[in-house]
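Participant: sequence plus the predicted model coming up.
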Amino acid sequence: MKRLVITFCALLVLTGAAFARDPAPIGDIALAALPGEAHATLALIKAGGPFPYARDGSVFGNRENLLPARHRGYYSEYTVQTPGAGDRGARRIVAGAGTLGDVRSSGEYYYTDDHYNTFRRIRE
């Protein structure tokens, strides 16, 4: 029985089911290194729109838990146009509300070019 318990515990640890994981460290990306379309999206965020996609400005739930944990509604997502894509593509900027609750001036912006698999904080 003891061997079974030890085997089960080892399995839990190996699969990650036994412990909550912290998000992976988020790297950063210089504003100058972003594609031009991301510059345009960031400018629209700071201006408060208008946005080309209906989903722009919607709540980003951070279900992947890759961004710092915040209350629901703290993050908003915005599409970064992808030339040649027939849909919204995979590129986004996710904006945090910051201490004043306004994505336009928070300075907290994250870029993903792989549809939320990885994020890099935009360094302005």
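Facilitator: Cool, the structure landed. Residues are numbered from 1 along each chain as shown.
Participant: so Tyr75 makes contact with Leu66?
Facilitator: No - if you go by C-beta atoms under 8 Å, Tyr75 and Leu66 don't touch, sitting 10.9 Å apart. For every residue, glycine as well, the C-beta is placed using N, CA and C.
Participant: more crowded one of the two?
Facilitator: Each of Tyr75 and Leu66 has its neighbours counted (other C-beta atoms under 10 Å); Tyr75 has more, 21 against 16.
Participant: quick one: residues contacting that one.
Facilitator: For Tyr75, the contact set (C-beta atoms under 8 Å, 6 or more residues apart in numbering) comprises 59-62, 67, 94-97.
Participant: just grab the bridge partners of it for me.
Facilitator: Beta-bridge pairing for Tyr75 (DSSP bridges): Gly96.
Participant: and of the contacts of Tyr75, the nearest to Pro25?
Facilitator: Distances from Pro25 to the contacts of Tyr75, taken as C-beta to C-beta, are shortest for Leu67 (11.6 Å).
Participant: tell me the contacts of that closest one?
Facilitator: Leu67 neighbours (C-beta under 8 Å, 6+ apart): 23, 26, 75, 94, 96, 110, 119.
Participant: all helices in the protein, in order from the N-terminus.
Facilitator: All helices of the chain, identified by DSSP state H, fall at 2-15, 36-47.
Participant: hey, least reliable of the ones you listed by pLDDT?
Facilitator: Set side by side, the helices of the chain give their lowest mean pLDDT on helix 2-15, at a mean of 46.
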